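Engineer: Requesting a structural model of the entry that follows:
(2 chains)
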Amino acid sequence: MIVGEQKPLAEIKKTVAPYKKLLILGCGTCVKTCFAGGEDEVATLTSALRLTLKKDGKEIEIEELTIERQCEDEFIQEAAEAIARNDAVLSLACGAGVQDIARRFDKVPVLPGVNTTFIGVLEKQGLFTEECVGCGDCELATFGGICPIARCSKRLLNGPCGGSKDGKCEIDPDIDCAWQLIIDRLKTLGQLDNLRNYIPPKDWRSSNAGGPRKLVREDHII
Amino acid sequence: MNKKSLSQLQIVLSKGDFAVTAECGPPRGSDPGVISKKAELLKGYVDAVNVTDNQTAIVRMSSITACTHLLQMGLEPVMQMVTRDRNRIALQSDIMGAYSLGIKNILCLSGDHQSFGSQPDAMNVFDIDSIQLIHAVRAMREEGKDMSGFDLKEPPRMFIGAAANPFADPFEYRVIRLAKKIDAGVDFIQTQCVYNLDRFKEWIKMAREEGLTEKAHILAGVTPLKSAGMAKYMAEKVAGMDVPESVIKRMASVPKEKCPEEGIKLCVETIAELREIKDVHGVHIMAIEWEEKVGEVVKAAGLLPRPEPT
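Structural biologist: As a prediction, the model looks like this:
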């Protein structure tokens, strides 16, 4: 999923300050799962924002709404009327959602309420970890299902650097050394020899280094 | 390679002499005087001098420039180059430029992560890794081609080095990684500082069994300790460093003012032991901001005079 984290209340307060009527728009998919922008977070944020603004002697009319996904027009249109009757939208979706709302409502300011952090998983209760950078050319088969591009601090493709100690990365003792994980896993799978081969430089054209990416599915174009 | 283009380090190693290299960290500023001062301290005592490339991710005078200052003073530089700060375009371009200036040795590294440095807010590059860099430098030398396969006019013909850390984890992978570096085209290896000789010997033995020691020259790294505190700090805080308790104890057992002397003594003893190990072809003395002691160490280790540059 796309993992995000709600922005600090003080920052949100500052961004919404110029507006009288605000729609806080939640997204019911990824950011809901990571407790950043679903229905519950919209409700909590609305109360918190009302309270803090009241303390400051400011009045903003806040409307709440959560749609299934802010990255698909079919769902976005469900918010059209609510968007039309407000001065601005505070979107609690990921960066893609914020931009898709902005794309479809060109006269309404759309403000981000969430910092989009990474593509990751819920490793365990309360812990989300980054697993994928969307490089566009998946090589997980070589690395035993553990991505060195997303999970090695130096994105090394040919083995661990000299800073791997007791399974941890030198930059932070809380970060697992991806290469230790790769080696352990390949050992279990009996594929350690995979790592003897030289991995040539990656072709980054499939990543965002090649410019903004598009995916065209001719078979889906009507 | 034609003889004219051979580096002095390569000549020493290929003759079977025990090589001595040292390190020179460029200044945080533009004063070439810092380089010349360090160069004066090292001249005549070493065969080549490594020039670090923004080591520990702290911004310093560029390695190429500092190497050029050393060349002008008659010292042979080993240009360190990290993949942290440059993409493949900049790396190849700088290597061509460096060779045009007379720099003939390169040490290919990935580099310390920027989070350790003075500007942790910087973006890193890591377009390619150190092994891919080695591969590229060898292809320039052996095939005369850049990474795109383009035929270069006057390709750089670098003597290629890499680092190896016999003490890092996962231990069983360390030799595989060394093999990959050697297969990619490394001529010489400089290791992490050796304090744990037993583990170092074990690593060398594993490398020998894989036939690796015949394919590249191994220079063992040493760093003279200044104090017990330094030994302790290295043991606890520096990633990938193995300083046994016995070394810390030995440094702590002498009065504070005698510590530097004891550190030098320990370093000289380590070099003597390293010289006994088959397949160790030299030492790399990393006297961190203590360059004035390199001459003393080399002399006490009986490694003088150094072979005359040909």
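
Engineer: Of all residues in the stretch 1-150 of chain B, which one is closest to chain A?
Structural biologist: Nearest residue of the stretch 1-150 of chain B to chain A (Cβ to the nearest Cβ) works out as B:Ile131 at 4.0 Å. Bear in mind the C-beta positions are built from the backbone N, C-alpha and C, glycine included.

Engineer: tell me which element that residue falls in.
Structural biologist: Assignment of secondary structure by DSSP states H and E places B:Ile131 within helix B:130-143.

Engineer: cool, B:Thr191 as well?
Structural biologist: Per DSSP H and E: strand B:188-193 holds B:Thr191.

Engineer: For the residue of the stretch 1-150 of chain B closest to chain A, give me its contacts.
Structural biologist: Under the criterion of Cβ atoms under 8 Å, 6 or more residues apart in numbering or on different chains, the neighbours of B:Ile131 are A:158-159, A:198, B:162, B:180-181, B:184.

Engineer: Distance check, it against B:Ile182.
Structural biologist: Using Cβ to Cβ, to the nearest Å, B:Ile131 is found at 10 Å from B:Ile182.

Engineer: helix, strand or coil for the residue nearest to B:Phe18 when sequence neighbours are not counted?
Structural biologist: Distances taken as Cβ to Cβ, 6 or more residues apart in numbering or on different chains place B:Gly282 nearest to B:Phe18, at 5.5 Å, with adjacent residues excluded. Three-state call for B:Gly282 (DSSP: H, G, I helix; E, B strand; the rest coil): strand.

Engineer: Quick check: beta-bridge partners of B:Gly282?
Structural biologist: Judged by DSSP bridges, the bridge partners of B:Gly282 are B:Ala19, B:Leu219.

Engineer: What count of nearby residues applies to it?
Structural biologist: 25 (other Cβ atoms under 10 Å in any protein chain shown).

Engineer: just checking, next helix/strand downstream of the strand holding B:Thr191?
Structural biologist: Next element after strand B:188-193 (DSSP H and E): helix B:197-209.

Engineer: give the contact list for the residue nearest to B:Phe18.
Structural biologist: Contacts of B:Gly282 by Cβ under 8 Å, 6+ apart are B:12-13, B:18-21, B:47, B:217-220.

Engineer: Can you give me the neighbour number for the closest residue to chain A within the stretch 51-200 of chain B?
Structural biologist: Of all residues in the stretch 51-200 of chain B, the one sitting closest to chain A is B:Asn165 (3.4 Å; Cβ to the nearest Cβ). B:Asn165: 23 surrounding residues under other Cβ under 10 Å.

Engineer: Go ahead and confirm it touches B:Asp242.
Structural biologist: No: with contacts defined as Cβ atoms under 8 Å, B:Asn165 does not count as touching B:Asp242, sitting 9.0 Å away.

Engineer: of all the residues in chain A, which ones are close to chain B?
Structural biologist: Residues of chain A lying close to chain B (Cβ under 8 Å from any Cβ of the partner chain) are A:153-167, A:170-172, A:177, A:179-180, A:183-184, A:192, A:195-196, A:198-202, A:204.

Engineer: and A:Gly4, backbone torsions?
Structural biologist: In terms of degrees, to the nearest 10, the main-chain angles of A:Gly4 are phi -140, psi 170.

Engineer: Around it, count how many other residues there are.
Structural biologist: Neighbours of A:Gly4 using other Cβ under 10 Å come to 26.

Engineer: Pull the distance from the top helix by length along chain A to the chain's centre.
Structural biologist: Scanning chain A for the longest helix, with DSSP state H as the assignment, gives helix A:39-55. Centroid displacement of helix A:39-55 relative to its chain, using Cα atoms, centre = their mean, to the nearest Å, is 23 Å.

Engineer: coming back round to it: any idea how far B:Phe167 is from the nearest residue to the residue of the stretch 51-200 of chain B closest to chain A once chain neighbours are set aside?
Structural biologist: Leaving out its chain neighbours, the residue that sits closest to B:Asn165 by Cβ to Cβ, 6+ apart is A:Gly162, at 3.4 Å. With distances taken as Cβ to Cβ, A:Gly162 is found 8 Å from B:Phe167.

Engineer: Between these two, which contacts overlap?
Structural biologist: With Cβ under 8 Å, 6+ apart, A:Gly162 and B:Phe167 have common neighbours B:192, B:240.

Engineer: sec struct for the closest residue to B:Arg177 other than its chain neighbours, please.
Structural biologist: Residue nearest to B:Arg177 in three dimensions, not counting chain neighbours: A:Gly159, with 4.5 Å by Cβ to Cβ, 6+ apart. Under three-state DSSP, A:Gly159 falls in the coil class.

Engineer: What's the local residue count around A:Gly159?
Structural biologist: 25.

Engineer: List the residues that contact it.
Structural biologist: Applying Cβ under 8 Å, 6+ apart, the residues near A:Gly159 are A:179, A:195, B:131, B:173, B:176-177, B:180.

Engineer: re earlier: now restrict the residues of chain A next to chain B to buried residues only.
Structural biologist: With burial judged by 16 or more other Cβ atoms under 10 Å in any protein chain shown, the buried subset of the residues of chain A next to chain B is A:153-165, A:170-171, A:177, A:179-180, A:183-184, A:192, A:195, A:199, A:201-202, A:204.

Engineer: What strand or helix carries the closest residue to A:Val110 other than its chain neighbours?
Structural biologist: Nearest non-adjacent residue to A:Val110, counting by Cβ to Cβ, 6+ apart: A:Ala102, 4.3 Å away. Taking DSSP H and E as the criterion, A:Ala102 maps to helix A:95-104.

Engineer: in stretch A:51-68, what counts as buried?
Structural biologist: Quick answer for stretch A:51-68 (16+ other Cβ under 10 Å): A:53, A:60, A:62, A:64-67.

Engineer: got the phi/psi numbers for the residue lying farthest from the centre of chain B?
Structural biologist: Centroid-distance maximum for chain B: B:Pro255 at 31.7 Å, with Cα atoms, centre = their mean. Dihedral pair for B:Pro255: phi -60, psi 150, per degrees, to the nearest 10.

Engineer: Counting neighbours, what do you get for B:Lys153?
Structural biologist: 6.

Engineer: from what I can see, it looks like it's in a helix, true?
Structural biologist: No: with three-state DSSP as the criterion, B:Lys153 is assigned coil and is not in a helix.

Engineer: could you list every residue that touches it?
Structural biologist: B:Lys153 sits in contact with no residue, where contact means Cβ under 8 Å, 6+ apart.

Engineer: Check what pLDDT it gets.
Structural biologist: On pLDDT, B:Lys153 comes in at 96.

Engineer: now swap in A:Lys165 and tell me
Structural biologist: At A:Lys165, pLDDT is 84.

Engineer: List the beta-bridge partners for it.
Structural biologist: Using DSSP bridges, the bridge partners assigned to A:Lys165 are A:Lys168.
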